[in-house]
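Trainee: When you get a sec, could you give me coordinates for this:
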Amino acid sequence: MVRIFTYGFWFSVAVLMLLLVAQPVGHGTRLSVSLIVIGLLALIMLFRLDGIWRHVFLALASIVVLQYAYWRTTSTIPPIEDLYSFIPGIIVYAVEMYCIVMLAIGLFVVADPIEQKPAPELAPEDCPTVDVFVPSYNEDAEILALTLSAAKAMDYPADKFAVYLLDDGGTDQKRFSDDPVVSAKARARAEELMSLCSDLGVVYLTRAENSHAKAGNLNAALWRTKGELIVVFDADHAPERSFLRHTVGHFSTDPKLFLVQTPHFFSNPDPIERNLGTFGRMPSENEMFYCKIQKGLDRWNASYFCGSAAVLRREALEEVNGFSGVTITEDCESALELHSRGWNSIYVDKPLISGLQPETFASFIGQRSRWCQGMMQILILKNPLFKRGLSLPQRLSYLSSSMYWFFPFIRATFLIAPMLFILFNMKIFVASLDDFIGYTMMYIVVCELMRGYLYGTVRWPWVSDLYEYLQSVFLIRAIIAVILSPRSPTFNVTAKGASQKHDRISELALPFFAIFALLVLTLGVAAYRYNTEPEIANLLLVAGIWNVLNLAIAGAALGVVTERGNDEVGVELPVRANVELEFGETLLKGAVVNASARHAKLIPAERTTRQLRKGEYGRLHLLNPTSKVLITSMPIHIAAVSTSGDNALELKFEPEAHHFPIIAEMMLKDMTVVRDERELRRKRKGLLSGSIRLIRWAITCPIAALSVALSPAPKERSEERKQIANQPLGQPLAQPLAMATVPVRQKEIAE
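Mentor: Sure, this is the predicted structure:
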């Protein structure tokens with residue numbers, strides 16, 4: 001009944017809106033209608049009305065959107081006789097109409113999101129068997145140790161689940177390679193990880209050759225194991241102890257359920273968050289997808305596998321011969337295949353893992369290039385619009401997810417469009433200033449209101465524009481490469497766990513400096529023409545404002561490609577763990593409030609009988625009698641003693657493999673604090689405050705970027721250059737890494 005109501009409602013609204021906008025009324029009347037609609041939308045937002053009001057809001061907003069589309073179609077396209085203006089004008093028009101179509105599909109997807117009920121509690125004897133897969137390629141052993149320890153400590157009957165490390169860096173193909181360097185590295189890695197797995201009680205698996213990338217790695221393990229359910233964690237995705245309790249129970253209620261997906265939560269900032277200083281204060285970029293869009297997809301049985309933090313049914317995977325590997329996004333592709341065969345999925349909106357994001361801008365672009373190319377492959381090779389077995393909502397949902405990745409062409413068009421008029425006098429948009437205010441401005445305001453209403457708690461104004469601009473510069477080439485050769489893209493592992501000691505300019509920064517300079521030049525030309533050509537002053541004003549917005553986003557982007565120094569590596573979480581420190585005969589109880597694999601911050605619960613000093617060595621004991629960890633204590637030393645009122649101690653670890661269970665217990669026993677902090681940063685920001693922030697970035701970021709670019713590069717010590725991520729556990733780095741990244745070259749991004 002819900003679907004029938006939704007279909008009927010939106011069909012009726014569409015017919016009514018089309019009839020309304022086609023009425024021959026004057027510009028003043030249409031402006032009045034737009035202002036009334038905006039007022040009503042503002043009231044709905046002010047009182048935070050939801051439920052049926054959500055549909056009312058979207059229906060009212062559609063009036064202004066369709067009104068704009070009708071006006072653009074009938075009144076603004078340059079005459080065909082003037083090909084010089086008509087050709088770019090029709091391209092801009094087509095791009096705008098594409099945006100409106102995508103807006104309509106997107107609104108359908110998120111119009112009625114659902115919240116899943118908690119998973120049923122299962123008695124131990126009723127729990128299905130579970131195989132936990134942790135695929136790995138080149139990740140550092142320390143990252144793997146935390147993930148494997150956390151996975152091993154999950155709350156589940158011990159005889160009904162097993163953890164497997166799937167090592168694609170130690171395959172026979174690599175260990176017996178003709179290249180002695182490759183062979184030696186693979187053999188050393190295999191030996192190190194086999195020892196790690198033995199210490200942690202985890203099964204080490206590898207395979208003969210590295211075929212079909214991650215999908216092939218997962219499938220190789222799938223046929224060698226027998227668990228009824230398969231859990232997949234990326235190498236850097238460490239789970240909370242209760243992960244299985246929140247997910248596995250759902251499979252008992254639906255025999256056709258093939259997937260329970262949970263959100264990806266990241267404990268470190270991405271390059272945008274770190275370089276602009278927004279991490280911890282602004283919602284992360286992925287929250288819009290995981291907290292809003294996936295719940296909308298879930299309404300239509302279209303929430304899909306995201307590659308990690310998910311539970312899948314073996315029976316379903318065996319029906320389609322394992323994880324799909326035609327494209328480089330095996331996760332979404334596998335879900336598409338299973339949905340088309342009548343299997344179901346659900347989405348549980350509760351962060352239950354902590355992972356790592358790319359630290360450098362180059363690795364960030366490399367990751368997004370893979371996502372983009374994979375979704376383009378799905379669109380071309382397995383177009384959901386024509387995929388047999390999908391329902392109409394599922395077709396639209398998958399279509400929305402794949403066609404979204406054409407945004408680089410949209411961004412490029414909107415970046416270039418005002419330049420065409422300012423620099424080359426191409427009249428791509430036939431309109432007066434009054435028309436621009438009455439139609440375009442009203443349309444922009446309504447779109448921002450819709451964005452704020454639907455996503456305001458997880459996405460602040462202009463942030464989407466910045467993220468898309470930053471990716472567009474490189475993704476255009478990536479998309480073209482897929483269109484020309486859909487089967488050519490290869491799976492590239494995203495570099496993570498990197499650090500750098502000094503500020504520097506990203507190796508991918510040059511195009512952003514060039515675009516910024518061009519936009520500044522265009523603004524100067526616009527100002528000159530505005531003063532010397534009064535007959536087109538209004539059009540120049542409109543184009544100039546458009547160019548200024550592009551310039552502001554481009555200016556903020558220069559702050560992103562100015563990489564800020566950062567010595568921290570790996571997962572770091574706010575926690576609440578009661579511990580006891582032992583320094584000889586001195587005992588100190590307290591609470592660890594922040595922890596990673598290498599350090600922790602402790603707030604003492606009492607004063608000690610003597611003054612503790614930096615450099616003192618001792619042991620840390622977890623105060624948890626029900627703990628299932630392999631050890632109860634680990635060696636630590638004091639790195640710093642706070643002089644503030646809380647008397648906090650900064651503790652440092654030098655962990656060996658057998659210490660990671662206690663680290664995992666301390667960090668990931670309960671992620672309630674993490675979830676609470678995520679909720680606290682979800683505060684709506686108005687368009688005004690968002691615009692002020694963008695202007696501030698636009699002014700300060702270019703200055704900072706030029707300062708770093710013109711500064712002499714710091715002299716790096718040769719020892720630092722030799723310290724890369726492959727440090728054996730228990731042997732801490734002698735010096736902080738200056739850089740431990742895998743550069744992503746521009747050619748690799750396109751390929």
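Trainee: Could you pick out the longest helix of the protein?
Mentor: helix 83-110 (DSSP state H).
Trainee: for the spatially most central residue of the chain, what are its contacts?
Mentor: By Cα atoms, centre = their mean, the chain has its centre lying nearest to N286, at 3.6 Å. N286 sits next to P263, H264, F266 when contact means Cβ atoms under 8 Å, 6 or more residues apart in numbering. For every residue, glycine as well, the C-beta is placed using N, CA and C.
Trainee: Any idea how many residues pack against the second one?
Mentor: Here the number of neighbours of H264 (other Cβ atoms under 10 Å) works out to 22.
Trainee: pLDDT (mean, whole number) over stretch 317-327?
Mentor: Mean pLDDT, computed over stretch 317-327, is 96.
Trainee: one step back: quick check, distance from the next helix or strand after the longest helix of the chain to the centre of its chain.
Mentor: Next along the chain after helix 83-110, taking DSSP states H and E as the criterion, comes strand 130-136. Taking Cα atoms, centre = their mean, to the nearest Å, one finds the center of strand 130-136 at 22 Å from the center of the full chain.
Trainee: follow-up on the earlier one: just name the closest of the contacts of N286 to T206, please.
Mentor: The nearest member of those to T206, counting by Cβ to Cβ, is H264 at 25.7 Å.
Trainee: Next, the closest one: secondary structure please.
Mentor: Put simply, H264 is coil when judged by DSSP: H, G, I helix; E, B strand; the rest coil.
Trainee: That one reaches Y290, doesn't it?
Mentor: Yes: with contacts counted by Cβ atoms under 8 Å, H264 reaches Y290, the gap being 6.5 Å.
Trainee: Quick check, P655 in contact with L146.
Mentor: No: with contact defined as Cβ under 8 Å, P655 does not reach L146; the gap is 9.2 Å.
Trainee: Once you drop chain neighbours, what's closest to E319?
Mentor: Distance criterion Cβ to Cβ, 6 or more residues apart in numbering; nearest residue to E319, sequence neighbours excluded, is R341 at 6.5 Å.
Trainee: actually P135, not the one I wrote
Mentor: Nearest non-adjacent residue to P135, counting by Cβ to Cβ, 6+ apart: L166, 4.4 Å away.
Trainee: got it, and G456?
Mentor: Among residues not flanking G456 along the chain, R684 sits closest, at 4.3 Å (Cβ to Cβ, 6+ apart).
Trainee: Next up, phi/psi of that neighbour, please.
Mentor: The phi/psi pair for R684 (degrees, to the nearest 10) reads phi -60, psi 140.
Trainee: surely it meets L454?
Mentor: No: with contact taken as Cβ under 8 Å, R684 and L454 are classed as non-touching, separated by 11.6 Å.
Trainee: Same drill for those two, tell me which one is more crowded.
Mentor: Neighbour count, other Cβ under 10 Å: between R684 and L454, L454 has more, with 23 against 17.
Trainee: From I553, how far off is that one?
Mentor: The gap separating L454 from I553 is 21 Å, by Cβ to Cβ, to the nearest Å.
Trainee: And for V311?
Mentor: As judged by Cβ to Cβ, V311 and I553 stand 39 Å apart.
Trainee: Where does pLDDT dip in the stretch 51-200 of the chain?
Mentor: Within the stretch 51-200 of the chain, no range satisfies pLDDT under 70.
Trainee: where along the stretch 601-750 of the chain do the helices fall?
Mentor: 660-668, 672-680, 687-710, 718-722, 746-750 (DSSP state H, counting those that start in this stretch).
Trainee: need those helices in TSV with mean pLDDT, can you?
Mentor: What follows is these, written out as TSV (pLDDT from 0 to 100):
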stretch	mean pLDDT
helix 660-668	94
helix 672-680	93
helix 687-710	95
helix 718-722	41
helix 746-750	42
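Trainee: Y467 is nearest to which of these?
Mentor: helix 687-710 (12.8 Å).
Trainee: buried residues in that closest one?
Mentor: Buried residues in helix 687-710, defined by neighbour count with 16 or more other Cβ atoms under 10 Å: L687, G690, R693, L694, W697, A698, C701, P702, A704, A705, V708.
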